[in-house]
Structures are given as structure tokens and as C-alpha cells.
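K.L.:
my questions are about this predicted structure, shown below with the sequence.
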Amino acid sequence: MHAATETVQVAQTLDAKGLNCPLPILKAKKAISGLGAGDVLQVVSTDPGSVADFASFCRQTGNELVASNAAAGVFEFLIRKA
Amino acid sequence: MTNVTSLKTSSEPATSPGELSPEEQQKFDRWFDARFEQKMREREAAHTPSMAIIATKGTIDWAYPPFILASTAAALGYDVSIFFTFYGLKLLKKDLDLEVTPVGNPAMPMKMPIGPDWFREIDWPIPNFVKSNLPGFERMATALMKRTFRQKGVASIEELRELSVEAGVKLYACQMTVDAFGFDKPDFISEITGWVGAASFLPMAQKSDITLFI
């Protein structure tokens, strides 16, 4: 998945480290509404629940979860706006 | 796609006018099933999910579920309404001076948000007669809970309420409660969608995919 991360052009990065449910999702939603279709938002979080939550968020909203990575307690998500 | 009229016009002589032969009936059933499935899928794709919540409690611990669920549902694209009644009405005050009580709340952990980890892990076994008789105990428990939540990156109720309003969550206040408890309307936030009663909320709940009583 890391190879994909490097090739994707990130339009904006949201630092949600230290934030707990549901703040990473709410802030990501806000950030996505400011982006254009096809733009990619990178979210960095430390909430372990966000792994399942971002997958579900993307399924429900139709945005594409391009990548979901975890390393040393930090989670990274790449979301492409539909 | 075959249509019904063409099926009818090709009816065999064995059937009386207006009736379908068994083969035609089978063909029609297949066509209908496929068409029905397709229409249902289209309907589901075009449907905006909705949620109606009744918030009846006015303490910090009970203030979280309605605002967490409402703001998250709005982020998922749902149409959300919350009806605030009884003590839940306090969640709509401009000045959110909410408390939490450990009295009669045995599942509430009593932990300290200060000191080394081993100290923070201790769940202090405080008997009910202390919780209820020690002056200022509720204030202290409230301060501890707020501090713990802040440390853990949990949003404050104020923040979640603002995010809910921003995301278009509709906040309905119970008219009866404001009259019965002698509240002053100017003490409430201006973002309230309406002051209504049960008869206004129920039709919203009836059309909702999710209804929760909190």
C-alpha cells in the first residue's frame, strides 16, 4: 500500500492525531467538502477506531478510500473525493 | 427489455382474451422480477438515510450519545433531527453548565486524570453515602470527567453541538418542557429549528430509517 501512497497527489493533509471518535471523521468530512471532485485528502490519526470508521465512512459517502496504512500507532488514510 | 403489451398481443388462441398463457405468464414474471429489483436498487441509491433522536437527559454522560450520533450521521450524509425534551432541553441552553453525577451510577469509573499511570488506573471505590453527602462531590466528579475527556482528545459537548448545527442537524425543542419547568426562551441557542410538541415530532420519526430514544 505504501507504493500507492507515494504516487497519489495529496491535495490536503488533515492532522487528526490525538483526537478521538467522532472528531477525525467530522473534521475529515469538513475538509472533504472544501475539496474538488477527484482531490485526495490525507488524514493522519492515532485513534485505533478510525480504521474501521474511515472504511465505513467512505462506503457510505461514496468517496474512495485509496489507502489505509498503520505504522507505530499512527494511522494514515487517503480519501479521494467522489 | 420485453414489455407487457407485446406479450399480450402474442397470446395463444388457447387463452381467453386478456389472459396470459403459462409461458407468457412465466416470461412476464421474469421480466417483472428483474424490473422490480432494478427499481428497488435505484430507489435505494437515491434515498437519503434519516435519523430521529429523542434526547431526554441533561447530564454530561447522557449528552454525548445524541450529539456524537447526530454529528456523525450528518457527516455520513444523513438527514438528522433531534427532539429535546425534559432534562434533555438543557442541552440547548446557551450556557451549557452540565454536570455528571456518580450517585446511583455504579458503572461510572472514578479515576484520577493526574499522576503516574498506575495511579490513574485506580478505580476508586467510593461508597454512595460519600458521593451523596460530601459537599461539592458532583462538581469534582464533573471537573474530573471533563479533564479526562480533554486529555483523551474527546470533543466537548459544546464542540459537538456546534459541529451538529454546522452540519445541518435540526434541533427541535419541546414546548411543553419549557412551560412546565419555567425555562426562559432567551436562555436557549438561536439555532433551534422549532419549538414543537409530540404531534410534530412523531411524523418525522415515522419517516426516519433510525429512531433512537436517549
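P.N.:
Good, I have the coordinates. Numbering: from 1, shown residues only, chains lettered A, B, ... in the order given.
K.L.:
for the residue nearest in space to the middle of chain B, what is the enclosing helix or strand?
P.N.:
The centroid of chain B falls nearest to B:Ile53 when counting by Cα atoms, centre = their mean (4.0 Å). B:Ile53 belongs to strand B:50-55 when assigned by DSSP states H and E.
K.L.:
and what of B:Lys131?
P.N.:
Counting by DSSP H and E, B:Lys131 is found in helix B:128-133.
K.L.:
what is the following helix or strand past that helix packed up against?
P.N.:
Moving toward the C-terminus from helix B:128-133, the next helix or strand (DSSP H and E) is helix B:137-151. Contacts defined by 3 or more Cβ pairs under 8 Å, 6 or more residues apart in numbering or on different chains; DSSP states H and E place helix B:137-151 against helix B:60-75, helix B:128-133. To be clear about C-beta, it is placed using only N, CA and C from the backbone, and glycine gets the same treatment.
K.L.:
I'd like those helices as TSV, with mean neighbour count, distance to chain A and mean pLDDT appended.
P.N.:
Formatted as TSV, the helices and strands packed on helix B:137-151 follow (neighbours: other Cβ atoms under 10 Å in any protein chain shown; distance: least, Cβ to the nearest Cβ, whole Å; pLDDT from 0 to 100):
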stretch	mean neighbour count	distance to chain A	mean pLDDT
helix B:60-75	22	4	94
helix B:128-133	12	27	76
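K.L.:
quick one: the strand holding B:Ile53 to helix B:60-75, angle?
P.N.:
Here strand B:50-55 runs at an angle of 170 degrees relative to helix B:60-75 (axes from the mean of the first three to the mean of the last three Cα atoms, to 10 degrees).
K.L.:
centre of the chain to strand B:50-55, how far?
P.N.:
Here the centre of strand B:50-55 is set off from its chain's centre by 4 Å, with Cα atoms, centre = their mean, to the nearest Å.
K.L.:
state the distance from the residue in chain A that chain B sits nearest to to B:Ala75.
P.N.:
Nearest residue of chain A to chain B (Cβ to the nearest Cβ) works out as A:Lys29 at 3.8 Å. To B:Ala75, A:Lys29 is 4 Å away according to Cβ to Cβ, to the nearest Å.
K.L.:
coming back round to it: show me what contacts the residue nearest to the centre of chain B?
P.N.:
Contact analysis of B:Ile53 by Cβ atoms under 8 Å, 6 or more residues apart in numbering or on different chains lists B:Pro66, B:Leu69, B:Ala70, B:Val80, B:Ser81, B:Ile82, B:Phe83, B:Thr211, B:Leu212, B:Phe213, B:Ile214.
K.L.:
among those, which are in strands?
P.N.:
Using DSSP state E, the members of the contacts of B:Ile53 that fall in strands are B:Val80, B:Ser81, B:Ile82, B:Phe83, B:Thr211, B:Leu212, B:Phe213.
K.L.:
skipping its backbone neighbours, what lies nearest the third one in space?
P.N.:
Looking back up the chat, that one is B:Ile82. Nearest residue to B:Ile82, sequence neighbours excluded (Cβ to Cβ, 6 or more residues apart in numbering or on different chains): B:Ile53, at 4.6 Å.
K.L.:
state the pLDDT value of that neighbour.
P.N.:
At B:Ile53, the model reports a pLDDT of 96.
K.L.:
do the same with the one 3 residues further on
P.N.:
According to the per-residue confidence, B:Thr56 scores 95 in pLDDT.
K.L.:
kindly report the same for B:Lys185.
P.N.:
Looking at B:Lys185, the pLDDT reads 87.
K.L.:
what about it, distance to chain A?
P.N.:
29 Å (Cβ to the nearest Cβ, to the nearest Å).
K.L.:
B:Phe84 now?
P.N.:
From B:Phe84 to chain A the distance is 20 Å (Cβ to the nearest Cβ).
K.L.:
what about the strands in chain A?
P.N.:
Counting by DSSP E, the strands of chain A are A:12-16, A:40-45, A:64-71, A:74-80.
K.L.:
follow-up on the earlier one: how far away is the residue nearest to B:Ile82 from B:Leu98?
P.N.:
In terms of Cβ to Cβ, B:Ile53 sits 17 Å off from B:Leu98.
K.L.:
likewise for B:Gly58?
P.N.:
7 Å.
K.L.:
which pair in the contacts of B:Ile53 spans the largest distance?
P.N.:
B:Val80 and B:Phe213 (15.0 Å; Cβ to Cβ).
K.L.:
looking at those two, which is more packed in?
P.N.:
B:Val80 (26 against 10; other Cβ atoms under 10 Å in any protein chain shown).
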